[in-house]
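S.K.: Sequence and predicted structure are below.
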Amino acid sequence: MGSHVSRESATAKPSDDRAATAVMVALRRIVRYLRLADREAEAALGLSAAQLFVLHALGETTAPSLVELARRTLTDPSSVSTVVDRLVTRRLVRRTRARTDARRAELRLTAAGERVVRSAPRAPQVMIVAKLRAMPAPRRAALVRSLDELVRLLGATELAPRMMFEDDAGDPPPARRPRRER
């Protein structure tokens, strides 16, 4: 995060700078929107925005499996599993054996979890998912391509796509790139 100017930015055209600025402003607004919602959920409920998102997903109906809950939250089972574990510990979610398949656990809100969902603000991810689903398919596909390209260019393709703002304390710090010689 030094103050030096990269070779790429030194040769950028003003129109490129405007476009890059517009992208950065949009990303900052989205990240800030999510961070503020996470802080609000933490302050009001002692929950992360990810935990609130999972509670909202379970508030719609019981999840017959962790895989189904992951599908509803548009994430992978291992990420949602960590969040569910925390919610079970807080007695907001209950795991019960499925009647039809004893190898599977059904997930449902406890009475305390239902009270939280009724009184809590809507999780920001719920609104984002709704807006993405409402977006015309060609625009959504273009957004996916653009974001995937940015992730690739940043070298972030190997990072686990965890639920947003869920604790990453066990993760190693990102690899530092060597500084370019001047």
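M.R.: Looks like it arrived, so ask away.
S.K.: dump the residue contacts of the closest residue to residue 81 other than its chain neighbours.
M.R.: Leaving aside its chain neighbours, residue 81 sits nearest to residue 66 (5.7 Å; criterion: Cβ to Cβ, 6 or more residues apart in numbering). Quick note: C-beta positions are derived from backbone N, CA and C, even for glycine. Counting by Cβ atoms under 8 Å, 6 or more residues apart in numbering, residue 66 touches 77, 80, 81, 84, 105, 107.
S.K.: 7 Å - rerun?
M.R.: Contacts for residue 66 were tallied using Cβ atoms under 7 Å, 6 or more residues apart in numbering; they are 77, 80, 81, 84, 107.
S.K.: and if you look at residue 161?
M.R.: Residue 161 neighbours (Cβ under 7 Å, 6+ apart): residue 76.
S.K.: residue ranges for the helices of this structure, please.
M.R.: Secondary structure of the chain (DSSP state H): helices at 7-10, 14-45, 49-60, 66-72, 77-89, 111-119, 124-134, 137-154.
S.K.: Give me the local confidence score for the residue most central in space within the chain.
M.R.: The centre of the chain sits closest to residue 164, judged by Cα atoms, centre = their mean, with a distance of 2.9 Å. We note a pLDDT of 79 for residue 164 in this prediction.
S.K.: do residue 85 as well
M.R.: Note for residue 85: predicted pLDDT of 93.
S.K.: ok, now the one 5 residues further on?
M.R.: Per-residue confidence (pLDDT) for residue 90: 95.
S.K.: could we number from 77 for the rest of this?
M.R.: Understood, numbering begins at 77; the last thing we discussed is residue 166.
S.K.: Okay, it and residue 132: tell me how far apart.
M.R.: Using Cβ to Cβ, to the nearest Å, residue 166 is found at 15 Å from residue 132.
S.K.: and the residue nearest to the residue nearest to the centre of the chain when sequence neighbours are not counted, what is it in contact with?
M.R.: Spatially, and ignoring its direct neighbours in sequence, residue 240 is nearest to residue 110 (5.7 Å; Cβ to Cβ, 6+ apart). Counting by Cβ under 7 Å, 6+ apart, residue 110 touches 125, 200, 240, 241.
S.K.: ok, 8 Å please
M.R.: The contact partners of residue 110, taken as Cβ under 8 Å, 6+ apart, are 125, 200, 201, 240, 241.
S.K.: would a markdown table of those residues with distance to residue 231 be doable?
M.R.: Formatted as a markdown table, these follow (distance: Cβ to Cβ, whole Å):
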| residue | distance to residue 231 |
| --- | --- |
| 125 | 26 |
| 200 | 27 |
| 201 | 25 |
| 240 | 20 |
| 241 | 22 |
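S.K.: Thanks a lot, catch you later.
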